[in-house]
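Undergrad: My questions are about this predicted structure, shown below with the sequence.
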Amino acid sequence: MKLRSRLIYYLALSVAVVIWGSSFPALKIALSEFSPVQVLAGRMVTSTLLCLPVMRSLWHILREDRKTLRILLFAVLCEPCVYFLFEGYALRFTTASQAGLVMSVLPASVALGAWLFLRERLPLATWLGFAVSFAGVLALSFGAQASESAPNPLLGNFLELMAILCGSVYVVSAKYLSRRLNAVQLTASMSYAGALFFSSLCLLPQTVEPVTLEVAVPSWMPLACVIYLGAAVMFLGYGLYNFALTGMPAGQATAFMNLVPVCSLLMGVLFLQEHMTFMQYGAAALVVGGVALSQMPGRKKNARKEESHA
């Protein structure tokens with residue numbers, strides 16, 4: 001991989017990580033006014049409107065390639081459909097900061113999936129790092145204290161972990177699909193599927209109470225956050241990440257997700273006045289340290305492999 005191309009992919013991933021880090025506080029604010037399904041439907045419809053220009057080209061590809069269609073349907077069912085459903089309800093029970101830290105399990109999970117299905121070799125350090133980061137997630141969950149804005153952090157963190165597993169399936173599938181579809185087409189597929197799925201769920205009876213925030217926000221902000229989640233987090237964030245997947249190994253690209261918990265933690269504490277216990281900060285360090293252990297050897301190896309094919 002040429003240096004200029006690598007820098008472009010790194011820049012795309014860096015911007016995506018900052019955007020995704022902001023998604024947890026934004027989603028928490030949106031949930032103070034709307035139900036999880038309503039928030040998800042709104043963000044998907046917003047992203048779908050931005051993706052309309054590529055609808056025709058995507059349809060032609062999928063109509064001619066049934067294998068790509070089957071894999072794509074499975075990928076978008078996992079994310080955004082099931083992924084965001086888990087995550088939307090997770091934030092009803094835990095804080096945005098804790099949910100962001102649980103997300104740091106994703107790199108090791110993707111590395112495992114890439115090893116199983118894409119034949120990307122998995123070093124021993126990755127196995128060890130996955131075990132360490134998972135132990136950190138358990139410590140983070142059991143060390144959490146219930147509060148008005150996080151009534152059941154153990155349940156919320158578990159739901160977020162289930163979302164991460166669905167996200168791992170999508171990343172591995174998207175890496176395979178990137179041979180046939182470009183970044184905008186992948187993002188459009190997610191948006192179309194999500195808009196249909198969550199808009200349908202909105203037709204069902206809902207009795208969900210809005211979440212309670214520890215900070216007062218203007219009345220217009222929940223709706224603004226829904227639009228932000230669709231335009232910035234879904235369309236731009238996933239577009240940049242899918243772009244990076246077209247030119248980088250899945251494990252190498254997902255290693256940048258290590259930075260999402262840091263961004264999420266800072267934004268949750270700064271903008272939502274969320275609090276974490278000393279034990280949780282220690283668990284957070286354990287999670288990030290485990291993910292770093294799992295990704296560093298693989299990243300170097302993958303980088304050499306990419307350079308050899310350039």
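TA: Looks like it came in fine. Residues are numbered from 1 along each chain as shown.
Undergrad: Kindly state the pLDDT recorded for Gly298?
TA: If you check Gly298, the pLDDT there is 47.
Undergrad: for the protein, where's the lowest mean pLDDT among helices and strands?
TA: helix 278-309 (a mean of 61; mean pLDDT, DSSP states H and E).
Undergrad: which residues touch stretch 79-87?
TA: For stretch 79-87, contacts defined as CB atoms under 8 Å, 6 or more residues apart in numbering pick out 27, 36-37, 40, 44, 99, 159-160, 162-163, 166-167, 169-170, 190-191, 193-194, 197-198, 234. Quick note: C-beta positions are derived from backbone N, CA and C, even for glycine.
Undergrad: quick one: that stretch to chain centroid distance?
TA: 9 Å (CA atoms, centre = their mean, to the nearest Å).
Undergrad: ok, now stretch 222-236?
TA: Averaged over its C-alpha atoms, stretch 222-236 has a centre that lies 14 Å from its chain's centre (CA atoms, centre = their mean).
Undergrad: Same check on stretch 201-216?
TA: 21 Å.
Undergrad: buried sites along that stretch?
TA: 201, 211, 213 (16 or more other CB atoms under 10 Å).
Undergrad: Stretch 73-91 too?
TA: Those would be 75-91, for stretch 73-91 by 16+ other CB under 10 Å.
Undergrad: again with stretch 13-32
TA: By 16+ other CB under 10 Å, the buried positions in stretch 13-32 come out as 13, 16-17, 19-31.
Undergrad: right, and the secondary structure at Arg121 would be what?
TA: Here Arg121 is recorded as coil under DSSP: H, G, I helix; E, B strand; the rest coil.
Undergrad: Touching, it and Trp115? I think so.
TA: Yes: in this structure Arg121 lies within contact range of Trp115 using CB atoms under 8 Å: 6.6 Å.
Undergrad: got a list of contacts for stretch 127-142?
TA: 98, 101-102, 104-105, 108-109, 111-112, 153-154, 157-158, 161, 279-280, 282-295.
Undergrad: again, only this time at 7 Å
TA: If you take CB atoms under 7 Å, 6 or more residues apart in numbering as the criterion, stretch 127-142 is touched by 98, 101-102, 104-105, 108, 112, 153-154, 157-158, 161, 280, 283-284, 286-287, 289-291, 293-295.
Undergrad: Tell me the buried residues within these.
TA: 98, 101-102, 104-105, 108, 112, 153-154, 157-158, 161, 280, 283-284, 286-287, 290-291, 293-295.
Undergrad: element containing Ser23, please.
TA: According to DSSP states H and E, Ser23 maps onto helix 3-30.
Undergrad: Can you show me the helices along the stretch 1-150 of the chain?
TA: Along the stretch 1-150 of the chain, the stretches classed as helices by DSSP state H, counting those that start in this stretch are 3-30, 36-51, 55-64, 66-76, 83-90, 96-102, 106-117, 124-142.
Undergrad: Save the ones you listed as a markdown table, and put in distance to Tyr238 too.
TA: Output for the helices of the stretch 1-150 of the chain, formatted as a markdown table (distance: least, CB to CB, whole Å):
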| stretch | distance to Tyr238 |
| --- | --- |
| helix 3-30 | 8 |
| helix 36-51 | 8 |
| helix 55-64 | 15 |
| helix 66-76 | 11 |
| helix 83-90 | 11 |
| helix 96-102 | 17 |
| helix 106-117 | 14 |
| helix 124-142 | 23 |
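Undergrad: Now do the residue nearest to the spatial centre of the chain against Ala216, distance only.
TA: For the chain, the residue nearest the mean C-alpha position is Gly167 (6.3 Å; CA atoms, centre = their mean). Look at Gly167 and Ala216: by CB to CB, to the nearest Å, they are 32 Å apart.
Undergrad: Understood, closing this out.
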